[in-house]
Structure formats: C-alpha cells, structure tokens
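> Sequence plus predicted model, see below.
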2 protein chains.
Amino acid sequence: MLRELRKGTASLLLLDLLAARPMYGFELAEALRERTNGVLTFKEGTLYPALHRLEAEELVETFWQDSPRGPRRRYYRLTARGRKALAERREHWHTLVEAINGALDAGNGTVSP
Amino acid sequence: MLRELRKGTASLLLLDLLAARPMYGFELAEALRERTNGVLTFKEGTLYPALHRLEAEELVETFWQDSPRGPRRRYYRLTARGRKALAERREHWHTLVEAINGALDAGNGTVSP
DNA sequence: AACATGTATATAGAATATCTAGGTAGCGGC
DNA sequence: GCCGCTACCTAGATATTCTATATACATGTT
C-alpha cells in the first residue's frame, strides 16, 4: 500500500502539468520547479523514462515540433484516458495524504490547535 | 527529489507510531491499519526490513519480551536520535506534501472553494 | 574555424524500497 | 495431533529514481 506513493507521484505531477496544455520535456521540468518554488525537480533520468511510460500506457501522446532556436522539441499531450487517469490519481493522492497526515496527527498532541 | 517520498514514508510512520510508546512489529502493523482506517497497511516484507534499517541507523533500539500467549515479541523503542529524526522527517514530509498539493492546485480551478 | 554555452532528448547501470511468497515457531482449543 | 492465530524473518522479483554519460542543434565569442 505504500508503493503507490512512489509509483504515482511523478506521473501524477506530469499529468497535472499537461492538463493545461501540451508541453515538452524541458518545459515540464521548468514548470515543476517554478510551481514548487524549487522544492521538487525532475532529474532527466526520472523525467524521460516517466514520460515514455505514460506514452506506453496511452495516457499521453506525442508530437515533434521545431524550436525557434535550439533542437526540436517533443511535445506531450493528454489523451482522454490520461484525463481520466489524472482525476483518479488526484483523488487517490489526497486519500493517501489524508491517511498519513491523520496518522501523524493522532501521534502527537496537535490534533486541533 | 521524488525519491525522498518513497524513502521516508514508511520510516516516518514507524517513528511516529513509536513516539507514544515502544511497540512490537505486529502491533505496529495493526496500529497503522487502525489509525488510517485500513487505507495504509504494512506488508511484512516492508515492515521488518524497514524496522531493521531503523535499528541499523540507530533511530530505534530493540528488546525482547515474552508474550502472555504466543511467541515472544521484539519491541522497538525510539532513541534520542530517532526522536530528532522524527521531528525532521515530519517537517520534511509536510514540505513535500505542500509542494505537491500546491502544484496540483495551481493546475486546476479549485484553488480555494 | 574552433569552442563554449544553453537548449533538448535519451539511455545504461546503480541504488533503493516495496511486494510476493514463502519459511519457522509458540500457544491454545478441538 | 492438527488447525488457527500470533509473531518474526528473508530471498527474489519488481519498480522507480538517480548518476552519469552521450548526442545534437543554435548562437556568440575568440
């Protein structure tokens, strides 16, 4: 039951970032760093395998596009299944976090301040 | 940065459960299930290796005690280092969760209801 | 022309954590 | 004696992340 925490987190964040619009790998990494004020960052060795997995699961689809400057970019776009998966995983994430936070709160005296 | 989620969660919960009093393995598993209403459960293959790691890190210490009925129990007790680690990891956990929740909230329209 | 820098994608191999699936053993009731 | 419950433990499979490295395009500098 704890495996789900690690399993889902990266892909949950990726799906969520892609919900707004298609983005390419580098852009996703920058967007995550911005949104979390540097607390969370994708390493390349995490990001690209994770994106490829999402594609294999058909939660995202990809297309190439030239960059105005620099090498071409591979964009990722949510599929219908991806959107459904995002909703499910978001809920699942909150369930897990509430369970853990509840357990932690039960352990100390700061249940309600 | 995402590795920390998986790495810390099980041991954070264990340290937290042990903050109240020394407990033995089976008891910890039951306590977690109770506290999370069955959402989170330790599998034995997760629980015992995790406890042994905590002992190797000297965050907990152990002692054996006979059971009134059934096989003897190995109790785990927080050390001073364990207490310090618990406080740090609790804070770290909240930092990570807030970062992720913040990122998720930024993605949809339900920032504040 | 050569080189450094920033952008951009990719992968192999190591490290780590969890789960699956077993094993061992004590106690009590039938 | 055997079954079920309690209680501990581990080996091997599985999955994910990180480290480190490779490739390559574009631009600016020397």
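Looks like it came in fine.
> List the buried residues in the longest helix along chain A.
Longest helix of chain A, by residue count under DSSP state H: helix A:80-107. Of all the residues in helix A:80-107, those buried under the rule 16 or more other Cβ atoms under 10 Å in any protein chain shown are A:82, A:85-86, A:89-90, A:93, A:96-97, A:99-100, A:102-104, A:107. Heads up, the C-betas are built off the backbone N, CA and C, glycines and all.
> Just checking, which of the residues you listed comes out lowest on pLDDT?
Among the buried residues of helix A:80-107, A:Gly107 carries the weakest pLDDT, at 65.
> what does chain A have sitting close to chain B?
A:1-3, A:5-6, A:9-10, A:12-13, A:16-17, A:19-20, A:32, A:35-37, A:39-43, A:46, A:90, A:93, A:95-97, A:99-104, A:106-108 (Cβ under 8 Å from any Cβ of the partner chain).
> So the longest helix of chain A, near DNA strand D or not?
No. Judged by Cβ under 7 Å from any atom of the strand, helix A:80-107 stays clear of DNA strand D, getting no closer than 11.8 Å.
> show me what contacts the spatially most central residue of chain A?
Centroid-nearest residue in chain A: A:Leu13, 1.5 Å away (criterion: Cα atoms, centre = their mean). By Cβ atoms under 8 Å, 6 or more residues apart in numbering or on different chains, A:Leu13 lies in contact with A:32, A:40, B:100, B:103-104.
> out of these, which touch DNA strand C?
Answer for these near DNA strand C: none qualify (Cβ under 7 Å from any atom of the strand).
> Just give me the closest of these to DNA strand C.
A:Leu32 (12.8 Å; Cβ to the nearest atom of the strand).
> separation between that closest one and B:Gly45?
32 Å (Cβ to Cβ, to the nearest Å).
> Let me know how buried the residue of chain A found nearest DNA strand D is, in neighbour terms.
Going by Cβ to the nearest atom of the strand, DNA strand D is nearest to A:Gly45 of chain A, at 2.0 Å. Residues near A:Gly45, counting by other Cβ atoms under 10 Å in any protein chain shown, number 8.
> Check A:Phe26 too.
16.
> same question, A:Gly8
19.
> Could you measure from the residue nearest to it when sequence neighbours are not counted over to A:Glu57?
Excluding the flanking residues, the one nearest A:Gly8 by Cβ to Cβ, 6 or more residues apart in numbering or on different chains is A:Arg89, at 5.5 Å. According to Cβ to Cβ, A:Arg89 stands 12 Å off from A:Glu57.
> The helix or strand of chain A with the lowest mean pLDDT: how far from the chain's middle?
One helix or strand of chain A scores below all others by mean pLDDT, DSSP states H and E: helix A:3-20, with a mean of 86. A distance of 3 Å separates the centroid of the chain from that of helix A:3-20, by Cα atoms, centre = their mean, to the nearest Å.
> Can you give me the buried ones in that helix?
Under 16+ other Cβ under 10 Å, the buried positions of helix A:3-20 are A:5, A:8-19.
> Can you list the helices and strands that the helix or strand that it is followed by packs against?
On the C-terminal side of helix A:3-20, the closest following helix or strand by DSSP states H and E is strand A:23-24. The helices and strands touching strand A:23-24, judged by 3 or more Cβ pairs under 8 Å, 6 or more residues apart in numbering or on different chains; DSSP states H and E, are strand A:73-78.
> Right, I'll leave it there.
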